[in-house]
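Q: 3D model of this:
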Amino acid sequence: MLVFLWRRWNGVAVEDLIYTSEQYSLHESWIAYICKEVLKGLCHLENKKVIHHDLRPQNIILTTSADVKISDFSSATIGEMSHSTSGRIPYLAPEVLANFGKKTIWYNSKADIWSLGISALQMAEGYYPFSRFPQQKLMKRIMHGPAPVLLWDKW
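A: Prediction:
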């Protein structure tokens, strides 16, 4: 898939940048720039009533001309509200996780903002928060808190 994206946009997934950088960490100015550009994209999606559902560093592309692209809309839904539980668990907002098995709680595009926050933490520290937890404990931690924070002293 990365080869396809490279040919299409002549760029690279942010996840690959993280893993090829020193200490698996991007510089703060790059994190801020990428987040700012993704927020612009999310505002556009919100205006079109689209919820991405799978925003994560693998689906954020940085082109060689430093354009930031959001990719992989296979889980996206159209409408102001959703009760889908698609996406990768570490990046899902608490209200999305609360829907597993029920699909009774409606949420909006703000769930993608949570995913961007988790992605920003991964850009900073090289791994998503609570990455060492087994899946059930990870889900419980996301749903019941506390919210993840930066752990390295350098931040």
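
Q: please make it C-alpha for all contacts and neighbour counts, starting now.
A: Noted.

Q: quick one, what contacts the residue nearest the centre of the chain?
A: Taking C-alpha atoms, centre = their mean, the centroid of the chain lies closest to R56, which sits 2.8 Å from it. Shown in contact with R56 (C-alpha atoms under 8 Å, 6 or more residues apart in numbering): 91, 115-116, 118-119.

Q: for these, give me a markdown table that also has pLDDT and distance to K36.
A: Shown next, in a markdown table, are these (pLDDT from 0 to 100; distance: C-alpha to C-alpha, whole Å):
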| residue | pLDDT | distance to K36 |
| --- | --- | --- |
| Y91 | 97 | 18 |
| S115 | 98 | 14 |
| L116 | 98 | 10 |
| I118 | 98 | 14 |
| S119 | 98 | 13 |
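
Q: in helices, which of the residues you listed fall?
A: Cross-referencing these against helices under DSSP state H gives 115-116, 118-119.

Q: now render those residues as TSV, adding distance to N47 and neighbour count.
A: TSV is the format used below for those (distance: C-alpha to C-alpha, whole Å; neighbours: other C-alpha atoms under 10 Å):
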residue	distance to N47	neighbour count
S115	18	24
L116	18	24
I118	23	25
S119	22	27
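
Q: ok, back up a step: against P90, how distant is the residue nearest to the centre of the chain?
A: 9 Å (C-alpha to C-alpha, to the nearest Å).

Q: K137 now?
A: Note on K137: its distance to P90, by C-alpha to C-alpha, is 11 Å.

Q: go on, Q23?
A: The gap separating Q23 from P90 is 21 Å, by C-alpha to C-alpha.

Q: overlap in contacts of R56 and P90?
A: The contact lists of R56 and P90 share I118, where a contact means C-alpha under 8 Å, 6+ apart.

Q: excluding chain neighbours, what is closest to T104?
A: Distances taken as C-alpha to C-alpha, 6 or more residues apart in numbering place H83 nearest to T104, at 6.6 Å, with adjacent residues excluded.

Q: who's in contact with that neighbour?
A: Here H83 is in contact with 96, 99, 103-107 (C-alpha under 8 Å, 6+ apart).
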